[in-house]
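Need a 3D model of the following:
(3 chains)
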Amino acid sequence: MTMRLMDGSEAIVEAAIQAGLRFYAGYPMSPATELLEYMAEKLPHHEGVCINAATEIEGINMALGAAAGGFRAASGSCGQGLALMQEAIAEAALNETPIVIFNMARNQQDYFQATRGGGWGDYRTITLAPKDLHEAVEHAQLAFHLADKYRVPVIFMGDNLLARTQMGTTLPQLDLAPLPPKDWQLDGTSGGTGKSRQIWTFGCGKTNDPGPGPSKHWERIAAKFDAIAEVEARYEEGFTDDAETLVVAFGSGGKFVEHVVREMRADGHKVGYFRPVTLWPYPGEALERASQGCKRVLVFELNAGQMIDDVRLNVHDRKLVKAIGGVSFDESGLNLGPLMDATVIRERIELAIHGASK
Amino acid sequence: MSIVMTTRPPEAPSNKVASFKPTLLQTEEHHLCPGCGEPVAIRLVLEVIEELGLAQKNVSIIGHGCYGSFIMTMDVDSTLCLHGRAPAVATGLKRMRPEVAVWTLQGDGDMTSEGLAEILHATARGENITCILLNNGVFGDTGGQMTASSVIGQRTKNTLEGRDAAYHGYPIVIGDMVAAMPGSAFVARGSVHNAASIAATRRLIRKGFQRQMEKKGLSLVEILTMCPTGWFVPASGGADYMMESLGKTYPLGEIKDIAATEQA
Amino acid sequence: MRQVTRGTLVIDADRCKGCELCIVACPPRVLTMSRTGNATGYLYPELAPGCTGCTACQQVCPDFVFEVYKYHEPIVSGSDAERMQ
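Residues are numbered from 1 along each chain as shown, chains lettered A, B, ... in the order given. All right, here's what the predicted structure looks like:
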């Protein structure tokens, strides 16, 4: 594909369709609205369907149905809309239906509900948090791959910067390993064969082919998430070898922090950055290693302190951990606020360093 | 009076005219209560699916209620979805697999209480799905509480003196609501309280699936089913009780058939 | 009394839950409830001569305990001795 200038939302939609997305159902909510608009425009041209759902609950359950039928399917929203989807996200995890949820968040306050989930049961959601549109285009593909590979829900965690910034892109395709055919998909062809298929959270199977039943089924699901945690954590780091100050941030915040840290390095500060690319699985071991020898670990996130819990869990001394972010919206309350600014971030890092040295 | 031996098939020349169970059930066994109407309704649906040649061309989307346990015995591709959401799940699947007969199995609690938005919006969109509503006017699975379709005067565990319109509100007559919307193709109400009604209900279910395969829009077949346990009446009294209570709020028959309208 | 029997049943009595729906459903009224319980303690239907093989009992039965047969030739009461207990 030749390079084209696109809105972030359009690029994400194009990448998702290239990755095989064929069904989307969503409900408008700023800044996830444009994603729905592009899905509605583009999916019908790719033998796909986009439905304007009556509620987020209806939308994600439609996506579950399409995914149960064997198709790559997604829904999307943010904040309160994601909260409405939590029951269905948990259901997808527990009945092993691969779906992708595009969370084009207003801020970074969805960290808990993305990584902890708000649904019932022992499950996790793989959460990809791209730092910019180039990574977002990759993650839009990776999300479907991981969802299908593990039969799990995957959350794509964007924000209004990703959704509404324009970029020139060729939509490069990731080279992902082929996946086995979906022998579990409900295509309707197995009735009366004695081998009819079933997608069910309780995992009881059928009379002539009993499943493990709820306890064993959920134990197996939990073990699956443990196995995912072992191998799917992704991260990016810089200048961590000799850093006295490590700054941890995710998503767009991670990109801003990376920029500030490079600037400060050029000025001779022993600062490093660490960015979890997957918010779950959290790259805890890598953070533990990166923070060895640091005098302080600063957490920049646009919320009152959510990821900081994961940072404290993983650094060798949690007393080193300090929040330098905070709740920060623009006047509308719908977008990232004035804290997402390189100058402000640098001031806060320097204040933390000076404050510590006094 | 002499008793006929009924432990094995007769030795005199004969034809078997009815089997214990439909082919699409893996076993006759289930754990539903004595006198429950739901197994009979499910049998009818499975028989119709087979008659219409849809055995290997259908997916069931099952809600939450006593009938949900049939996911283990119905020999059709199935998923048991979240409470109330079956028409949404069915929508996603049907849009991607339009050649497959997609049907939902829901109780009145599932459809008219928890999932009213889903059935109405699926109807509004004119989804080509067949929704089977097993209406007994009570949450049977949790032991007999009021649903949105419990009838006025009906005693349940949380309407001890009977459903009072002034206090609990009026029942939702979902069949009439769905029939009033242009997206529905076929809406009918049957019952399993006696053999004649059962035969009539089978024909309604058949039309419901036919309208789906003709891509006419959403079909809703409501089936009144006995729940003597949830009504606190003897199993043998369930059929009469049903027609004296639910039967008066929910009259039987076809409410809408787009095919008849088109011919007219 | 001369009794014509056109059909008969196999009743899986041990799966019966005793709801009695078949008793009132039977047009020739040839089903009656047993006096003693089945394996799980429920009373169950027993068949007297005169079944027409109409399948009404099988239609109404929530527990799928009936299998229905139609005889090629109707049996007049007493001539089906081997099927009498």
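
Only the buried residues of the worst-scoring helix or strand of chain A on mean pLDDT, if you could.
Every helix and strand in chain A was compared by mean pLDDT, DSSP states H and E; the lowest is helix A:342-357, with a mean of 90. For helix A:342-357, a neighbour-count test (16 or more other C-beta atoms under 10 Å in any protein chain shown) marks A:Val344, A:Ile345, A:Arg346, A:Arg348, A:Ile349, A:Ala352, A:Ile353 as buried. From N, CA and C alone the C-beta is placed, and that goes for glycine too.

Make sure B:Ala188 is indeed in a helix.
No. Going by DSSP: H, G, I helix; E, B strand; the rest coil, the assignment for B:Ala188 is strand, not a helix.

give me the number of residues near it?
24 (other C-beta atoms under 10 Å in any protein chain shown).

now swap in A:Gly326 and tell me
A:Gly326 has 14 nearby residues by other C-beta under 10 Å.

Isn't it up against A:Gln306?
No. Contact criterion C-beta atoms under 8 Å: A:Gly326 and A:Gln306 do not qualify, at 11.5 Å.

what about the residue in chain A that chain C sits nearest to, how many residues close to it?
Residue nearest to chain C within chain A: A:Thr207 (13.3 Å; C-beta to the nearest C-beta). Neighbourhood size, A:Thr207 [other C-beta under 10 Å]: 16.

dump the residue contacts of the closest residue to A:Gly211 other than its chain neighbours.
Closest residue to A:Gly211 apart from its sequence neighbours, by C-beta to C-beta, 6 or more residues apart in numbering or on different chains: A:Gly205 at 2.9 Å. Shown in contact with A:Gly205 (C-beta atoms under 8 Å, 6 or more residues apart in numbering or on different chains): A:Gln198, A:Gly211, A:Pro212, B:Met72.

and B:Thr261, helix, strand or coil?
helix.

Would you check how far apart it and B:Val187 are?
According to C-beta to C-beta, to the nearest Å, B:Thr261 and B:Val187 sit 12 Å apart.

so, in contact with chain B or not, the helix or strand harbouring A:Phe144?
In this structure, A:Phe144 is located in helix A:133-150 according to DSSP states H and E. No. Helix A:133-150 does not reach chain B (C-beta under 8 Å from any C-beta of the partner chain); its nearest approach is 14.9 Å.

following that helix, which helix or strand comes up?
Immediately after helix A:133-150, counting by DSSP H and E, sits strand A:153-159.

for that next one, packing partners?
helix A:8-18, helix A:79-95, strand A:99-105, strand A:126-128, helix A:133-150, helix A:251-266 (3 or more C-beta pairs under 8 Å, 6 or more residues apart in numbering or on different chains; DSSP states H and E).

could you dump those to CSV with distance to B:Gly217, mean pLDDT and mean neighbour count?
CSV is the format used below for the helices and strands packed on strand A:153-159 (distance: least, C-beta to C-beta, whole Å; pLDDT from 0 to 100; neighbours: other C-beta atoms under 10 Å in any protein chain shown):
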stretch, distance to B:Gly217, mean pLDDT, mean neighbour count
helix A:8-18, 29, 97, 25
helix A:79-95, 26, 98, 23
strand A:99-105, 27, 97, 30
strand A:126-128, 38, 98, 27
helix A:133-150, 32, 98, 23
helix A:251-266, 44, 98, 21
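
what's the offset of the helix or strand hosting B:Thr201 from the middle of its chain?
In the assignment (DSSP H and E), B:Thr201 maps to helix B:195-213. Remark: helix B:195-213 is offset 11 Å from the chain centroid, using C-alpha atoms, centre = their mean, to the nearest Å.

Could you report the distance from A:Pro44 to chain B?
11 Å (C-beta to the nearest C-beta, to the nearest Å).

Isn't that residue up against A:Cys50?
Yes. In this structure A:Pro44 lies within contact range of A:Cys50 using C-beta under 8 Å: 7.1 Å.

more neighbours, the two?
Set A:Pro44 next to A:Cys50 and count neighbours by other C-beta under 10 Å: A:Cys50 wins out with 23 against 11.

OK, contacts around that one?
Counting by C-beta under 8 Å, 6+ apart, A:Cys50 makes contact with A:Phe23, A:Tyr24, A:Ala25, A:Gly26, A:Leu36, A:Met39, A:Ala40, A:Leu43, A:Pro44.

Just these: which are in helices?
The helices in this structure, assigned by DSSP state H, contain A:Leu36, A:Met39, A:Ala40 from the contacts of A:Cys50.

Including neighbour count, distance to C:Pro49 and pLDDT, could these go into TSV?
Formatted as TSV, the ones in helices among the contacts of A:Cys50 follow (neighbours: other C-beta atoms under 10 Å in any protein chain shown; distance: C-beta to C-beta, whole Å; pLDDT from 0 to 100):
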residue	neighbour count	distance to C:Pro49	pLDDT
A:Leu36	27	70	98
A:Met39	29	69	98
A:Ala40	16	69	98
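
In terms of distance to A:Thr278, which of those residues ranks first?
Closest approach to A:Thr278 among the ones in helices among the contacts of A:Cys50 (C-beta to C-beta): A:Met39, at 24.2 Å.

distance of the closest one from C:Ile11?
58 Å.

cool, and A:Asp132?
Distance from A:Asp132 to C:Ile11, counting by C-beta to C-beta: 73 Å.

still on that earlier bit, and the angle for the helix holding A:Phe144 with helix A:8-18?
Taking axes from the mean of the first three to the mean of the last three C-alpha atoms, to 10 degrees, one finds helix A:133-150 and helix A:8-18 inclined to each other by 30 degrees.

what's stretch B:118-125 in contact with?
Outside stretch B:118-125, the residues that reach it (C-beta under 8 Å, 6+ apart) are A:51, A:53-54, A:58, A:61, B:84-88, B:90-91, B:106, B:111-112, B:129, B:131, B:174, B:177-178, B:181, B:183-184, B:218, B:220.

chain center to that stretch, what's the gap?
Counting by C-alpha atoms, centre = their mean, stretch B:118-125 comes out at 18 Å from the chain centroid.

And for stretch B:38-46?
Using C-alpha atoms, centre = their mean, the offset of stretch B:38-46 from its chain centre is 8 Å.

Could you see whether chain A lies near that stretch?
No. Figure legend: stretch B:38-46 not in contact with chain A (C-beta under 8 Å from any C-beta); closest approach 9.2 Å.

quick one: contacts of that stretch?
B:21-25, B:30, B:32, B:65-67, B:70, B:74, B:76, B:103, B:105, B:132, B:134, B:136, B:192, B:198, B:201-202, B:205, B:223, B:225, C:59-64.

same thing but at 7 Å, please
The contact list for stretch B:38-46, computed with C-beta atoms under 7 Å, 6 or more residues apart in numbering or on different chains, reads B:22, B:24-25, B:30, B:32, B:66-67, B:70, B:74, B:132, B:134, B:192, B:198, B:201-202, B:205, B:223, B:225, C:60, C:62-64.
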